[in-house]
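A.B. asks: With the sequence up front, the predicted model follows.
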Protein chains: 2
Amino acid sequence: MDFKEELKQYQEHINNALKNYIKKDKCPEEILNQSMEYSLMAGGKRLRPILVMATYQLFKKDIEICMPFAVAIEMVHNFSLIHDDLPGIDNDDFRHGKLTNHKQFNEATAILAGDRLLNNAYVVISKELENSVNQDMTKKIKIVKEFSQAVDKMILGEFVDTEFEGKQISEEYLEYIHKNKTAALLILSVRMGAILADASQEDLEKLTSYAEKIGLAFQIKDDILSEEGDEKVLGKPVGNDKKLGKCTYVSKYGLIGAKEKLEKITKEAIEEIKVYKEKAEFLIELAKYIQNRNK
Amino acid sequence: MDFKEELKQYQEHINNALKNYIKKDKCPEEILNQSMEYSLMAGGKRLRPILVMATYQLFKKDIEICMPFAVAIEMVHNFSLIHDDLPGIDNDDFRHGKLTNHKQFNEATAILAGDRLLNNAYVVISKELENSVNQDMTKKIKIVKEFSQAVDKMILGEFVDTEFEGKQISEEYLEYIHKNKTAALLILSVRMGAILADASQEDLEKLTSYAEKIGLAFQIKDDILSEEGDEKVLGKPVGNDKKLGKCTYVSKYGLIGAKEKLEKITKEAIEEIKVYKEKAEFLIELAKYIQNRNK
């Protein structure tokens, strides 16, 4: 199947699953539900849930077992976007051309919508645990532990990123931020799919390495787009990193150097999964998609 | 043992357990750790973890099995305090006479410290699940589900409270707010202790009812103190509810009516647990303590 078509099918699958968790009833908390839906259904790329599903399908077919975890990780991703955009943190008014949550609703609602999305991820997961008592229990508990620890890393990455904004930081700290803020959830996605599919320890290591590399590629590409992307396509101003004196892969290696690094790391990511032959095709194309995206 | 002495012993036990979860190492997120510790160790009453432990001890002795859950619920309680105090929500500068988290640190740090305390509750719980694979699993999974659902209720209660601040609300909504914002975590505390101690369904129902009633008593007492408490003891201004036209138990039933209701509900709470005879002594005194506190 064509990559774009397969991507779309995965996106539709996760979007339908997410819709089941949106409550629309008349109730005192109606506006909070609307605010959560506003962000959750804002048309994100769904990269994390897609990684869960596509990794699972390297080994097994029926992805329904993945869906609660795919939904949970997308909830957590959206929680982090809502809180990052808040006036107290990045103070962003727009995300992908739409008003941010606190601008569309208000700050209190955005804070609590984020809190609730984070907690609802665990509501979804704990229901799934209850449904599988005495069945697949060990691997699901392993996943819950990895899930909570990866979310912790993501929050730490966001904190350090915020703490050092506009300051010169060491290479060590730059790496700390990217490893935690972006890569932790991508690695978790791939590992959840692999663990659910009973992948071997060797497979798990290969796939973790693949996820680390596409996480790094994602970040390098972000830095390149921030420097020379198309403002209209990107939906945000270009050149700000430079103005703010931010330490990025572009400021560190230059534009050409960063592009070379992106090329190299994408190739390495693809190399990690070549062993799965034609089954890896989607994940290979996904790595190229991350490298070549223009927004 | 004297109630005050027993209360102090429980407080020391939970404080020691909490200290184990505080990280002090030199690391990029050092300030975030400090901010979490600032709130977590600010000298709260520890009502929720104490309810977990004391309920457990109606049935069994060694409370160590309770501690991860007692720690987790105190983390969640502190997350909710930090976020409620934020400028975007209640905008409070002081809590119990100390600067609120965002005033002592900054807003970004307070938002992320709250997020991390909420998520860390699940880090603690999922480690505990992993340690008990094939042992007490069913009851612990039941607890995780109830935990996540009670936290959801707490967030909903906070949202509706915020949404309707300064507006006249119906009795139905007033009850919704209290049932969710305060009572849900108190009920959860008691239920966790009981489930961990393998209490029967009948016991669980009795204790749930006890917790509902002390939750309501707690709220009525809060409303009474807001009307006629001692500002110096309370550490916050008195009479604000009236000024804001808030719908409270005092505005609904008058001061005398509210006090009668408090007396009645406390007696009913005590009635629920009399069956446990001398073992219930601490929980009986706790109900009276909630009724008679002056802050």
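C.D. replies: Received, thanks.

A.B. asks: A:Q149: what's it in contact with?
C.D. replies: For A:Q149, the contact set (CB atoms under 8 Å, 6 or more residues apart in numbering or on different chains) comprises B:V123. Yep, even glycine has a C-beta here, placed from its N, CA and C like the rest.

A.B. asks: redo that, cut-off 10 Å
C.D. replies: When contacts are counted by CB atoms under 10 Å, 6 or more residues apart in numbering or on different chains, A:Q149 touches A:A184, A:L188, B:N119, B:N120, B:Y122, B:V123, B:S126, B:K127.

A.B. asks: A:I270 now?
C.D. replies: A:Y210, A:K213, A:I214, A:A280, A:L283, A:I284, A:E285, A:L286, A:A287, A:K288, A:Q291.

A.B. asks: Tell me the one of these nearest B:G88?
C.D. replies: A:I214 (34.9 Å; CB to CB).

A.B. asks: Tell me if the particular helix or strand that has the closest one in it is near chain B.
C.D. replies: Here A:I214 sits within helix A:201-228, counting by DSSP states H and E. No: contact of helix A:201-228 with chain B is not found when judged by CB under 10 Å from any CB of the partner chain; the minimum separation is 16.7 Å.

A.B. asks: buried set for that helix?
C.D. replies: By 16 or more other CB atoms under 10 Å in any protein chain shown, the buried positions in helix A:201-228 come out as A:203, A:206-227.

A.B. asks: Also stretch A:19-26?
C.D. replies: Judged by neighbour count using 16+ other CB under 10 Å, the buried positions of stretch A:19-26 are A:Y21.

A.B. asks: Write a PyMOL command that selects only the buried members of the contacts of A:I270.
C.D. replies: A single PyMOL command selects the buried members of these (16+ other CB under 10 Å):
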select buried, chain A and resi 210+213+214+280+283+284+285+286+287+291
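
A.B. asks: how about the contacts of A:I270 in JSON lines, adding pLDDT?
C.D. replies: Listed next are the contacts of A:I270 as JSON lines, based on pLDDT from 0 to 100:
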{"residue": "A:Y210", "pLDDT": "98"}
{"residue": "A:K213", "pLDDT": "96"}
{"residue": "A:I214", "pLDDT": "96"}
{"residue": "A:A280", "pLDDT": "96"}
{"residue": "A:L283", "pLDDT": "98"}
{"residue": "A:I284", "pLDDT": "97"}
{"residue": "A:E285", "pLDDT": "97"}
{"residue": "A:L286", "pLDDT": "97"}
{"residue": "A:A287", "pLDDT": "97"}
{"residue": "A:K288", "pLDDT": "96"}
{"residue": "A:Q291", "pLDDT": "95"}
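
A.B. asks: Quick one: mark the members of the contacts of A:I270 that sit in strands.
C.D. replies: Among the contacts of A:I270, no residue falls in strands (DSSP state E).

A.B. asks: Looking at the contacts of A:I270, spot the one nearest chain B.
C.D. replies: Using CB to the nearest CB, A:K213 comes nearest to chain B of the contacts of A:I270, at 22.6 Å.

A.B. asks: out of everything not next to it in sequence, what's closest to the closest one?
C.D. replies: Nearest non-adjacent residue to A:K213, counting by CB to CB, 6 or more residues apart in numbering or on different chains: A:A269, 3.6 Å away.

A.B. asks: and that neighbour, what does it touch?
C.D. replies: Neighbouring residues of A:A269 by CB under 10 Å, 6+ apart: A:209-217, A:283-284, A:286-288, A:290-291.

A.B. asks: circling back to that earlier point, kindly indicate which of the contacts of A:I270 lies nearest A:D85.
C.D. replies: A:I214 (24.2 Å).

A.B. asks: Next one: that closest one from A:T248, what distance?
C.D. replies: Remark: distance between A:I214 and A:T248 (CB to CB, to the nearest Å) = 18 Å.

A.B. asks: how about the strands in chain A?
C.D. replies: Secondary structure of chain A, counting by DSSP E: strands at A:94-95, A:98-99.

A.B. asks: strand partners of the last one, parallel vs antiparallel please.
C.D. replies: When you say that, I think you mean strand A:98-99. Here strand A:98-99 is paired, per DSSP bridges, with strand A:94-95 (antiparallel).

A.B. asks: and for the partner strand, what are the contacting residues?
C.D. replies: Residues contacting strand A:94-95 (CB under 10 Å, 6+ apart): A:S39, A:A42, A:G44, A:L81, A:I82, A:D84, A:D85, A:T100, A:N101, A:K103, A:G235, A:K236.

A.B. asks: ok, back up a step: can I get the strands of chain A in TSV including mean neighbour count, distance to B:A150 and mean pLDDT?
C.D. replies: Listed next are those as TSV, based on neighbours: other CB atoms under 10 Å in any protein chain shown; distance: least, CB to CB, whole Å; pLDDT from 0 to 100:
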stretch	mean neighbour count	distance to B:A150	mean pLDDT
strand A:94-95	16	31	88
strand A:98-99	14	32	94
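
A.B. asks: Nearest to B:Q11, out of those?
C.D. replies: For the strands of chain A, proximity to B:Q11 was assessed by CB to CB; strand A:94-95 is nearest, at 44.2 Å.

A.B. asks: you'd agree A:G157 is up against B:L32?
C.D. replies: No: counting by CB atoms under 10 Å, B:L32 is not a contact partner of A:G157; they are 11.0 Å apart.

A.B. asks: any common contacting residues for these two?
C.D. replies: By CB under 10 Å, 6+ apart, no residue touches both A:G157 and B:L32.

A.B. asks: Return the member of the contacts of A:Q149 nearest to A:T55.
C.D. replies: A:L188 (10.9 Å).

A.B. asks: which ones are touching A:G215?
C.D. replies: Counting by CB under 10 Å, 6+ apart, A:G215 touches A:178-179, A:181-187, A:189-190, A:265, A:269, A:290.

A.B. asks: Equivalent analysis for A:L207, please.
C.D. replies: For A:L207, the contacting residues are A:51, A:55, A:58, A:187, A:189-191, A:193-195, A:199, A:272-273, A:276, A:283, by CB under 10 Å, 6+ apart.

A.B. asks: Going through these, which ones are buried?
C.D. replies: Neighbour counting by 16+ other CB under 10 Å classes A:51, A:55, A:58, A:187, A:189-191, A:193-195, A:199, A:272-273, A:276, A:283 among these as buried.
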